[in-house]
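Trainee: here is a sequence with its predicted model. Questions after.
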Amino acid sequence: MTKHLVHTSVVAAMIGSLACATACAVDDGGSSAATDEQSELVATASYSCPAGDICFYDAKDGNGNRCNWSVSDPDWTSGQAKCSWAQTSNVMSVFNNADWSVSYFLQRNFTNKVGSTQPGVKGNLTGTYMLLSHQFNCSILNKLAGCQ
């Protein structure tokens, strides 16, 4: 499965913001990889996130810069997929537009879980930490269905 990473800058003056539809992301105190040349810079609406991806934003309400993946990534700062702001900005919001829950971690290699988000959920995080890895929570059956 091909990995995809998109880095997005959102227009400063957005009209309105989306609220949590039914539940917000949970802080539980827990990639479509593209080369840098393949990354895009586009203006988009709040919580814009491709189907099948987990999206993290450096601003509240799904605004600001976005990094997104369709598979687990043990290191947001190296390899094919890189999140350019991972070591300089806190993660402020998340949208899990994938079919599986995703856990996120303060350190590389899925270490020091700080939160997780269920499928279809979007919302603001505490915004007090930077993330360096995330992992799709795949059961054996999910893996057969394409979860990575």
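Mentor: Arrived safely.
Trainee: what about stretch 61-79, how long is it end to end?
Mentor: For stretch 61-79, the first-to-last residue distance is 28 Å (C-alpha to C-alpha, to the nearest Å).
Trainee: buried sites along it?
Mentor: Judged by neighbour count (16 or more other C-beta atoms under 10 Å), stretch 61-79 contains these buried residues: 61-76. Backbone N, C-alpha and C define where each C-beta goes, glycine included.
Trainee: and residue 134, how far is that from residue 80?
Mentor: Using C-beta to C-beta, to the nearest Å, residue 134 is found at 15 Å from residue 80.
Trainee: which of these two has more residues huddled nearby?
Mentor: When residue 134 and residue 80 are compared for neighbours, residue 134 comes out ahead with 29 against 14, by other C-beta atoms under 10 Å.
Trainee: what's opposite the more buried one in the beta bridge?
Mentor: Beta-bridge pairing for residue 134 (DSSP bridges): residue 73, residue 104.
Trainee: can I assume it is in contact with residue 75?
Mentor: No - the criterion here is C-beta atoms under 8 Å, and residue 134 misses it with residue 75 at 10.4 Å.
Trainee: how long is stretch 51-63 end to end?
Mentor: End-to-end distance for stretch 51-63, by C-alpha to C-alpha: 17 Å.
Trainee: typo on my end, stretch 111-129
Mentor: So stretch 111-129: terminal residues 14 Å apart, C-alpha to C-alpha.
Trainee: and it, what's buried?
Mentor: Using 16+ other C-beta under 10 Å as the burial criterion, the residues of stretch 111-129 that qualify are 113, 114, 115, 116, 117, 121, 122, 123, 124, 125, 129.
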